[in-house]
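A.B. asks: predicted model, plus sequence, below.
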Amino acid sequence: MKKLTLRKNMETKPNIDILKRAKEVIETEKKGLDKISQNLDSSFEKAVELILNTKGRVVVTGVGKSGIIGRKISATLSSTGTPSFFLHSVEALHGDLGMVIHDDILLAVSYSGNTLEVCELASILKKRNIKIISLTGNLESKLAQLSDIVINVKIPKEACPFNLAPTTSTTAILALGDALAICLFELKGLKAEDFRKNHPGGSLGERLKVKVKEIMLTGEKIPVVSQKTPLEDAIIEIDKKRLGCVLITDSLGILIGIITDGDLRRIFLKYKTYSNLKVEEVMTRNPKVIEENSLASEALELMEKHLITVLPVINYDKKLVGILHLHDILGKGTFKFTI
């Protein structure tokens, strides 16, 4: 094992077996996780049920290292379908208390359970009848006494050699926060597409896993006219919707054709005048389509195969329900989900 000797101000520091010490830290934190797992009891279940049934949001608070962990817990809750935001305990006492409204729940993070600002915030919100859940390693602390539900995060020891720097304790609290978020996510019956809706800026690989109906343009955004529409009106629709095409449907809403910018150029070359033309006379019949429950990856493959940039979307009855542009798959700015 490689050993490293550090020097500062010409003073020789103790030799450290780096890999050995790193493994010891990890093992210490693993034991901490094992301990909080063993200590999990009905209080955790009560916390999940309380959050699940609230009409408000989960307000996570803490200061110092606990505050940093609290921010991550709040972010994970939000991204997995539980509305949440982080409120710094100090800032809350200097004006930000107005962010907390009726039906919100306070999730207070403090390993010692006696952090002054956290306890003061909890005391104020308790008087407002805000329910309080605490993550603490001290069940006899002031915070624990103020809380409606206390989740025990007591660990054997910190990884710090002096048992001072928050290390194992912050790892334990982070893990419990993840456990809360995932239990809530599954109890709400949410699915992968729900998670992706909260992550519209994900990688292309993730974008391609969503269903077409989640990203297609619908309603008034679809460039569509009926089969008896004058070509002049269809051109106006193409210009208005700016997708480079117009879709044509019959009286039942079933897609029967398409006219693209390229089609228009060919029409202008073929006909001396188009003022009397109807779209059904010049449209391309039986255009390429995709079913709304198909994956975005399938739509992209179809577009690449046929060298097209727009794709009409139909339902199982063959009726037009949307249109998909290549930008909606590859991403233009942010990925546009329809919710």
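C.D. replies: Received, thanks.
A.B. asks: surely Leu174 is in a helix?
C.D. replies: Yes. With DSSP: H, G, I helix; E, B strand; the rest coil as the criterion, Leu174 is part of a helix.
A.B. asks: residue contacts, it?
C.D. replies: Residues near Leu174 by Cβ atoms under 8 Å, 6 or more residues apart in numbering: Ile69, Lys72, Ile73. To be clear about C-beta, it is placed using only N, CA and C from the backbone, and glycine gets the same treatment.
A.B. asks: report the buried members of these.
C.D. replies: Taking 16 or more other Cβ atoms under 10 Å as the criterion, what is buried in these is Ile69, Lys72, Ile73.
A.B. asks: return the member of those nearest to Glu304.
C.D. replies: Ranked by distance to Glu304 (Cβ to Cβ), the buried ones among the contacts of Leu174 are led by Lys72 at 39.1 Å.
A.B. asks: Provide the secondary structure category for the closest one.
C.D. replies: Secondary structure, three-state DSSP: Lys72 is helix.
A.B. asks: just Val25 next, same as before
C.D. replies: Three-state call for Val25 (three-state DSSP): helix.
A.B. asks: residue most distant from the centroid, the protein?
C.D. replies: If you look at how far each residue of the chain sits from its centre, by Cα atoms, centre = their mean, the farthest one is Lys272, at 54.3 Å.
A.B. asks: let me know the helix or strand that that residue is in.
C.D. replies: Element membership for Lys272 (DSSP states H and E) is empty, with no helix or strand holding it.
A.B. asks: residues touching it, list them.
C.D. replies: For Lys272, the contact set (Cβ under 8 Å, 6+ apart) is empty.
A.B. asks: domain parsing for this protein?
C.D. replies: Domain segmentation of the chain under automatic domain parsing yields 15-190, 204-330.
A.B. asks: JSON lines for these, including mean pLDDT?
C.D. replies: Shown next, in JSON lines, are those (pLDDT from 0 to 100):
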{"stretch": "domain 15-190", "mean pLDDT": "94"}
{"stretch": "domain 204-330", "mean pLDDT": "88"}
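A.B. asks: ranking the ones you listed by burial, who's on top?
C.D. replies: Among these, domain 15-190 has the highest mean neighbour count (mean count of other Cβ atoms under 10 Å), at a mean of 18.
A.B. asks: so Glu117 belongs to a strand, correct?
C.D. replies: No. Glu117 is assigned helix when assessed by three-state DSSP, not a strand.
A.B. asks: okay, the closest residue to Asn293 other than its chain neighbours and Ile256: tell me how far apart.
C.D. replies: Closest residue to Asn293 apart from its sequence neighbours, by Cβ to Cβ, 6 or more residues apart in numbering: Lys211 at 5.6 Å. From Lys211 across to Ile256, the span is 25 Å (Cβ to Cβ, to the nearest Å).
A.B. asks: over to Val289?
C.D. replies: As defined by Cβ to Cβ, Val289 lies at a distance of 11 Å from Ile256.
A.B. asks: how about Leu174?
C.D. replies: 56 Å.
A.B. asks: what's the answer for Gln38, then?
C.D. replies: 66 Å.
A.B. asks: what's the answer for Ile155, then?
C.D. replies: According to Cβ to Cβ, Ile155 stands 67 Å off from Ile256.
A.B. asks: same thing with Leu330?
C.D. replies: As judged by Cβ to Cβ, Leu330 and Ile256 stand 29 Å apart.
A.B. asks: try Leu217
C.D. replies: The span separating Leu217 from Ile256 equals 19 Å under the rule Cβ to Cβ.
A.B. asks: wait, a helix at Gln38?
C.D. replies: Yes. The assignment for Gln38 is a helix, going by three-state DSSP.
A.B. asks: and it, what is it in contact with?
C.D. replies: Gln38 makes no contacts at all, as judged by Cβ under 8 Å, 6+ apart.
A.B. asks: residue numbering should commence at 54 henceforth.
C.D. replies: Noted, 54 is the first residue going forward, which turns the last one into Gln91.
A.B. asks: check the gap between it and Asn205 for me.
C.D. replies: As for Gln91, its distance to Asn205 is 10 Å (criterion: Cβ to Cβ).
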